[in-house]
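In: one predicted model, sequence on top.
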Amino acid sequence: MKTKLFIVDDHYMVIEGIRSLLQNEKDIEWAGHAMNASSCLAFLKQHQPDVILMDINLPDMSGVDLCKEVTQHYPLINILGLSTFNQQPVIRSMMDNGASGYVLKSATKQELLMAITRVRQGKTFLSFEAVQSLRETSAGAPVITRREKEVLQLIAEGFTNAEIAARLFISIPTVNTHRKSLIEKFDAANTAVLIGKAIKNGII
């Protein structure tokens with residue numbers, strides 16, 4: 001069974017490049033393309049492709065928001081994020097909003113075909129670069145204890161050491177010890193930097 005493929009990208013050269021790359025593949029049927037989110041949504045009211053290659057940066061709506069809208073209204077369509085960026089927040093945002101995979105525009109023909117096949121089968125596909133980006137972020141996050149995480153959460157919510165001690169039924173010196181340990185583990189100069197780094201690493 002052929003996979004009906006649709007592309008959303010605001011660069012015609014990218015669209016043509018991918019189309020020419022895949023036009024002779026017997027398992028791929030070209031469903032068309034859109035150069036912005038509104039054209040994509042208008043197309044989907046009439047036709048439903050199997051897989052959409054979706055650019056992250058579109059002129060009228062972010063690819064993340066479009067991905068969310070498409071998956072809400074057309075849950076059977078599989079979406080592959082398509083971008084030149086491999087930053088962890090972008091990848092995670094696409095996946096959190098319904099994408100089945102993520103490939104870079106520098107992907108080889110073989111990698112692109114593998115990605116399309118995998119998501120059509122209901123599986124997830126991440127390019128090697130995307131996987132590395134996610135691993136690097138995870139590896140960069142310090143390991144903290146359950147109690148340290150509780151203290152960190154309350155610090156982020158603006159509670160004083162005395163208030164944290166009362167809430168967790170521990171002494172104020174113990175809260176101070178946890179606070180100092182967290183600042184050291186995150187290599188933070190102060191509490192504000194500590195909270196910022198914890199948010200960046202997805203810990204709070």
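Out: Alright, I've got the coordinates.

In: where do the strands sit along this structure?
Out: Secondary structure of the chain (DSSP state E): strands at 3-8, 28-34, 51-55, 78-83, 101-104, 125-126.

In: in CSV, list those along with mean neighbour count.
Out: (Glycine included, C-beta is placed from N, CA and C.) Formatted as CSV, these follow (neighbours: other Cβ atoms under 10 Å):
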stretch, mean neighbour count
strand 3-8, 22
strand 28-34, 18
strand 51-55, 26
strand 78-83, 26
strand 101-104, 24
strand 125-126, 22
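
In: possible to save these as TSV with mean pLDDT and distance to Ala156?
Out: Shown next, in TSV, are the strands of the chain (pLDDT from 0 to 100; distance: least, Cβ to Cβ, whole Å):
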stretch	mean pLDDT	distance to Ala156
strand 3-8	98	37
strand 28-34	97	41
strand 51-55	97	33
strand 78-83	94	30
strand 101-104	91	29
strand 125-126	87	30
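
In: now do the helices in the chain.
Out: Taking DSSP state H, the helices of the chain run over residues 12-22, 37-44, 63-73, 88-96, 109-120, 128-140, 146-156, 161-168, 172-185, 191-200.

In: reformat these as a markdown table; add mean pLDDT.
Out: Shown next, in a markdown table, are the helices of the chain (pLDDT from 0 to 100):
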| stretch | mean pLDDT |
| --- | --- |
| helix 12-22 | 95 |
| helix 37-44 | 98 |
| helix 63-73 | 94 |
| helix 88-96 | 82 |
| helix 109-120 | 94 |
| helix 128-140 | 65 |
| helix 146-156 | 89 |
| helix 161-168 | 95 |
| helix 172-185 | 93 |
| helix 191-200 | 84 |
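
In: mind checking which of those is nearest Leu80?
Out: Within the helices of the chain, the stretch nearest Leu80 is helix 109-120; the backing value is 5.6 Å (Cβ to Cβ).

In: helices or strands up against the closest one?
Out: Using 3 or more Cβ pairs under 8 Å, 6 or more residues apart in numbering; DSSP states H and E as the contact criterion, the secondary-structure elements in contact with helix 109-120 are strand 3-8, helix 12-22, strand 51-55, strand 78-83, strand 101-104, strand 125-126.

In: for Leu53, find the nearest of the helices of the chain.
Out: Proximity of the helices of the chain to Leu53 was assessed by Cβ to Cβ; the nearest stretch is helix 12-22, lying at 6.8 Å.
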